[in-house]
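1. using only what follows, build the 3D model:
(chains A and B, ligands or ions: 2)
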Amino acid sequence: MSAKLEIRNLVKRFGGLVATNDVSFTVEPGQSIGLIGPNGAGKTTIFSQIMGEHQQSSGDILIDENEISRLSTPQRILAGVSRTYQVPRPFSDMSVAENIRVGLTPDSIWQMITRGPNPDRELELAESVGLAEEQLARLPSELSMGDLRKLEMARTLATAPRMMLLDEVFAGLTVNEIAVISKLVQSMRDDGMTFLIVSHDLKALEPLVDEAIAINQGQLIAEGSYSDVMADKAVRASYLGAE
Amino acid sequence: MGLRWHHFALWGLFAVTLFVLPEFVSRGTLRTLIFANFLAIFAISWDTLSGRTGYISFGHPFLIGIGAYTTAILTKRFDVAMEISIPIAVIATMVGGLIVLLPALRIKGSYFALVTLAMMELIYQLVQVIRPDLTGGTRGMSGLPTLTRGAVNGYYMSVSLMLAIALTTWLVMRTRLGTALSAIGMNEEAVSGSGLSVTKLKMAAFLFSAFIAGLGGAVYIHYLGSIAPRALFDINFVFTIIVAALIGGAGTTVGPIAGAFFLTFLLEYLRPYLPGAERYMVYSGLALILYMAQPKGMWELFFQGIAKFDRLGRRE
Ligand SMILES: Nc1ncnc2c1ncn2[C@@H]1O[C@H](COP(=O)(O)OP(=O)(O)OP(=O)(O)O)[C@@H](O)[C@H]1O
Ligand SMILES: [Mg+2]
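-> Ligands and ions are numbered 1, 2, ... in the order given. Coordinates of the predicted model:
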């Protein structure tokens, strides 16, 4: 069930800037890896390449041993990988339920027309991320940052991923909200979901990951157990240098 | 889904009102209403593509033109019966439009608008230059077979077609297809990030839009009995379609209808005072003011009005 992700010699150039510089790593099925690095290190750019929103300059991306670089974003989602966005931009004129509905919709025009939505499933997903039933009819503009992140999680979960890429899911959240999301991630890990998690909130990240990868200026600088990576000199220097 | 009896009651009421109207209004008004019905069809067509997905088309006369010219040429030059030529015209609009505009659907924002505008100009030039013996050149064609005789019949035909298209569109847009199309207008990246092929969705919206435009265009010229390229490929005509959809309420089905009726009558009543193109300035200004007051259109204004009324009522 769980998906495996393998990245080989990934390079992404934006003009003269090398945002991803020869990065390779593997996330084993069911494993959870923390991806850390200072602002502008290139974390989000790696996510965008895995999802096909940006095409890499060179290198390979494999899901379950299959090269996915030529697939479109929806095809990659079908292959089992899905992401959340660092800045939640929900469908602004749609209710919470409709936002989740888009994630649940099959990629077939015919089925979109002939098969109605599944309100039970929408509610189930909303509740699984800690949104309340009475919030389903709300507009995103009426939600707190925490609830927007939960909605982002629910929409992503709706695509039935086997691997999730979480980009700063804890940013702007209260302690209680962090606890809710953490618990959700933990229970999904128990169910075998593979994770790659980006977070500046290292305290929240630590209990959620088996291992960590640190990048700086597009390059992988450390990899291994969470405590080893955090103790790494280069990692400490990169954080100090940036902040 | 989410269909309630009162939805159908409202549609029924709307239909009945439109159907008894000829009993109460003059012939002249009836002809204006006929034009309003066709404008409503074109505005709905525009809205299914542009109002929902946010890809603004300036080229709808291009689509309407393919439908209109196909059936005009088939009936006039080749004596094909309208029952056959109209369906062919609709298919030609969908296929022809797709071939030309498919590349344009891959580009974003204002470029799409520009390309569609260029298409309209292109077909206008083509119609005049290539085979004027078929198209009638600059003067167009007259003496085409008509579907109805007299204003009353013409009115019933146009109203039936408009209602059928409106109801179908309304039903389709209430499905998850409608939701997905609106989502494109809000955040295209998140739509593909939700596993939906945006290109496929845009193509579906386009085909739906072209179907309505082709059908509307074909039937319209068989109501008029003539086709005049200068009126059809007039920039004012595109603006009238777009403004109708926008002031009525883009992204809804009833909005474009309301906008089309409002605009048609506005233009008609302004005619004695401003016989020339100045009329269009007046309505553009008015549309702008309305749009600034409520970007979601008159329909939204109407709903807000009801809500306010409701609150007032409850306070007493
Ligand atoms: N579309 C783009 N075009 C040009 N440069 C880009 C683009 N996207 C990102 N970059 C650059 O690539 C580098 C890496 O950006 P990225 O967003 O991946 O960093 P990040 O690690 O996610 O940072 P943060 O912690 O602030 O989210 C930055 O220097 C950024 O300015
Ligand atoms: Mg980032």
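2. and chain A, which residues reach ligand 1?
-> Proximity of chain A to ligand 1 (Cβ under 6 Å from any ligand atom) is limited to residues A:F14, A:L17, A:A19, A:G37, A:N39, A:G40, A:A41, A:G42, A:K43, A:T44, A:T45, A:Q86. Bear in mind the C-beta positions are built from the backbone N, C-alpha and C, glycine included.
3. buried members of the residues you listed into PyMOL, please.
-> Only the buried entries of those go into this PyMOL selection, using 16 or more other Cβ atoms under 10 Å in any protein chain shown:
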select buried, chain A and resi 19+37+41+42+43+44+45+86
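4. which one of the residues of chain A next to ligand 1 is nearest ligand 2?
-> A:T44 (3.1 Å; Cβ to the ion).
5. so A:D22, which of the three states?
-> strand (DSSP: H, G, I helix; E, B strand; the rest coil).
6. I figured it hits A:V11, correct?
-> Yes: contact status for A:D22 versus A:V11: in contact at 5.8 Å, counting by Cβ atoms under 8 Å.
7. mind listing what B:L114 touches?
-> B:F58 (Cβ atoms under 8 Å, 6 or more residues apart in numbering or on different chains).
8. and after the helix or strand harbouring it, which helix or strand comes next?
-> Here B:L114, judged by DSSP states H and E, is contained in helix B:109-129. Downstream of helix B:109-129, the next assigned helix or strand under DSSP H and E is helix B:132-135.
9. give the residue spans of chain A that score low on pLDDT.
-> A:240-243 (pLDDT under 70).
10. can you map out the helices along it?
-> A:43-51, A:73-79, A:96-104, A:109-114, A:119-128, A:145-157, A:175-190, A:202-205, A:226-231, A:233-242 (DSSP state H).
11. okay, those in JSON lines with distance to B:G285 next?
-> Output for the helices of chain A, formatted as JSON lines (distance: least, Cβ to Cβ, whole Å):
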{"stretch": "helix A:43-51", "distance to B:G285": "44"}
{"stretch": "helix A:73-79", "distance to B:G285": "43"}
{"stretch": "helix A:96-104", "distance to B:G285": "35"}
{"stretch": "helix A:109-114", "distance to B:G285": "40"}
{"stretch": "helix A:119-128", "distance to B:G285": "44"}
{"stretch": "helix A:145-157", "distance to B:G285": "39"}
{"stretch": "helix A:175-190", "distance to B:G285": "49"}
{"stretch": "helix A:202-205", "distance to B:G285": "55"}
{"stretch": "helix A:226-231", "distance to B:G285": "63"}
{"stretch": "helix A:233-242", "distance to B:G285": "53"}
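12. tell me which of those helices sits nearest to B:I88.
-> helix A:109-114 (23.8 Å; Cβ to Cβ).
13. so what does the closest one touch, helix or strand wise?
-> helix B:176-186, helix B:198-224 (3 or more Cβ pairs under 8 Å, 6 or more residues apart in numbering or on different chains; DSSP states H and E).
14. what pLDDT does the model give B:A287?
-> Confidence at B:A287, expressed as pLDDT, is 73.
15. neighbours around the closest residue to it other than its chain neighbours, how many?
-> Among residues not flanking B:A287 along the chain, B:V243 sits closest, at 4.6 Å (Cβ to Cβ, 6 or more residues apart in numbering or on different chains). If you count neighbours by other Cβ atoms under 10 Å in any protein chain shown, B:V243 ends up with 24.
16. residues in contact with B:V243?
-> B:G259, B:L263, B:Y283, B:S284, B:A287.
17. can you give me the strands in chain B?
-> Taking DSSP state E as the criterion, chain B carries its strands at B:141-142, B:226-227.
18. which secondary structure elements does the first one contact?
-> Just to be clear, that refers to strand B:141-142. Against strand B:141-142 (3+ Cβ pairs under 8 Å, 6+ apart) you get strand B:226-227.
19. model confidence over the strand it packs on, on average?
-> The model assigns strand B:226-227 a mean pLDDT of 90.
20. same check on stretch B:202-218?
-> 95.
21. how far off centre is that stretch?
-> Distance of stretch B:202-218 from its chain centroid, counting by Cα atoms, centre = their mean, to the nearest Å, is 9 Å.
22. check the contacts of B:V243 against ligand 1 and report the nearest one.
-> B:A287 (36.6 Å; Cβ to the nearest ligand atom).
23. right, and the closest one touches B:L246 too?
-> Yes: using Cβ under 8 Å, B:A287 is in contact with B:L246, at 6.7 Å.
24. what about those two, which has more around it?
-> Set side by side, B:A287 and B:L246 show more neighbours around B:L246, with 26 against 21, by other Cβ under 10 Å.
25. any weak-confidence spans in chain B?
-> Ranges of chain B meeting pLDDT under 70: B:1-2, B:109, B:291, B:293-316.
26. in it, what residue lies closest to ligand 2?
-> Closest point on chain B to ligand 2, by Cβ to the ion, is B:E189, at 14.6 Å.
27. show the contacting residues for that residue.
-> B:E189 neighbours (Cβ under 8 Å, 6+ apart): A:E53, A:Y85, A:R89.
28. just the buried ones from those residues?
-> Buried, going by 16+ other Cβ under 10 Å: A:E53, A:Y85, out of these.
29. give me the neighbour count for A:A137.
-> By other Cβ under 10 Å, 11 other residues sit near A:A137.
30. my error: substitute A:R76 in the last question.
-> Neighbours of A:R76 (other Cβ under 10 Å): 23.
31. check contacts around B:A15.
-> B:L163.
32. rewinding a little: can you lay out the residues of chain A next to ligand 1 as TSV showing distance to chain B?
-> Output for the residues of chain A next to ligand 1, formatted as TSV (distance: Cβ to the nearest Cβ, whole Å):
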residue	distance to chain B
A:F14	17
A:L17	21
A:A19	18
A:G37	22
A:N39	21
A:G40	20
A:A41	22
A:G42	19
A:K43	17
A:T44	13
A:T45	14
A:Q86	12
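33. now A:V81: closest residue in space, sequence neighbours ignored.
-> Closest to A:V81 by Cβ to Cβ, 6+ apart is A:M163, at 4.6 Å.
34. can you tell me how far that neighbour is from ligand 2?
-> Using Cβ to the ion, to the nearest Å, one gets 18 Å for the distance from A:M163 to ligand 2.
35. who does that residue bridge with?
-> A:V81, A:T194 (DSSP bridges).
36. run a quick neighbour tally on it.
-> Counted with other Cβ under 10 Å, residues neighbouring A:M163 total 24.
37. repeat for B:L3
-> 10.
38. got it, and B:L274?
-> Neighbours around B:L274, by other Cβ under 10 Å: 14.
39. now do the contacts for the closest residue to A:G130 other than its chain neighbours.
-> Once flanking residues are discounted, A:G130 sits nearest to A:V180: 4.2 Å by Cβ to Cβ, 6+ apart. Neighbouring residues of A:V180 by Cβ under 8 Å, 6+ apart: A:V129, A:G130, A:K150.
40. and with 10 Å instead?
-> A:V129, A:G130, A:L131, A:G146, A:R149, A:K150, A:M153, A:L173, A:T174 (Cβ atoms under 10 Å, 6 or more residues apart in numbering or on different chains).
41. A:E127 now?
-> A:E127 touches A:E133, A:Q135, A:L136, A:A154, counting by Cβ under 10 Å, 6+ apart.
42. hang on, B:R271 packs against B:R279?
-> Yes: the pair B:R271 and B:R279 qualifies as a contact (Cβ atoms under 10 Å) at a distance of 6.9 Å.
43. looking at these two, which is more packed in?
-> B:R279 (18 against 12).
44. shouldn't the more buried one be in contact with B:L267?
-> Yes: with contact defined as Cβ under 10 Å, B:R279 counts as touching B:L267 (5.8 Å).
45. need the overlap of contacts for the two.
-> With Cβ under 10 Å, 6+ apart, B:R279 and B:L267 have common neighbours B:N236.
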